[in-house]
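Trainee: 3D model of this:
(one chain, ligands or ions: 1)
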Amino acid sequence: MPSRRFWLATVNRLVMKTVTIPGWGYIEIKNVVLDLNGTITESGEPIPGILDYLQTLSSEGFEVYILSGDTRGILREKFEHISAVHTVTAETAGAKKAFVESIGPEVTVCIGNGNIDIGMFKTSGLSICTIQAEGASANALLHADIVVTHVRQAIDIILDSKKLIATLRS
Ligand SMILES: [Mg+2]
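Mentor: Reported below is the predicted structural model:
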């Protein structure tokens, strides 16, 4: 019988999806980390349908985190009560990167649109830059593995390995 410590360590390392991508490598995905402003909100309001998408990710077994400095109080007001997501206050690029490093960067996909997201893009196993209505910084775009025009597409790519492979294979 394995010790409790061993069992907990094993559970903690469970990954929800493993994908091998020819010419790119191998990724295990356990966590999905999303930026708030400009990524899942537009002008301070949640993008229509985003709650259903986050719920789908959670019900598929992914741990879903929303990171923000939350200067407008949107994180608390709109997302804190949603059981499918974890809300995390992170006010700087360094804080976002440090949080991703604390949950296992190699098993984490990060989605964002700004310079503040570049640190977590660099450290995570997979990074997706979304342009959308508020735009994306050119630097964030350059440091992402994948660029999309809507967060819905980013989530579809995570849910459908064939899309992920088709985009990244060489
Ligand atoms: Mg943003």
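Trainee: Only C-alpha atoms from now on, for both contacts and neighbour counts.
Mentor: Noted.
Trainee: how about the nearest residue to Val147, chain neighbours excluded?
Mentor: Nearest residue to Val147, sequence neighbours excluded (CA to CA, 6 or more residues apart in numbering): Cys129, at 4.7 Å.
Trainee: From the ion, how far off is Glu42?
Mentor: Separation of Glu42 from the ion (CA to the ion, to the nearest Å): 10 Å.
Trainee: cool, Leu36 as well?
Mentor: 6 Å.
Trainee: Let me know whether that residue touches Tyr65 as I believe.
Mentor: No: Leu36 is beyond contact range of Tyr65, at 9.9 Å (criterion: CA atoms under 8 Å).
Trainee: So between these two, which is more surrounded?
Mentor: Just comparing Leu36 and Tyr65: by other CA atoms under 10 Å the higher neighbour count belongs to Leu36, 24 against 20.
Trainee: What residues does that one make contact with?
Mentor: Ile66, Leu67, Ser68, Leu75, Gly112 (CA atoms under 8 Å, 6 or more residues apart in numbering).
Trainee: Out of those residues, list just those in strands.
Mentor: Among the contacts of Leu36, the members found in strands (DSSP state E) are Ile66, Leu67, Ser68, Gly112.
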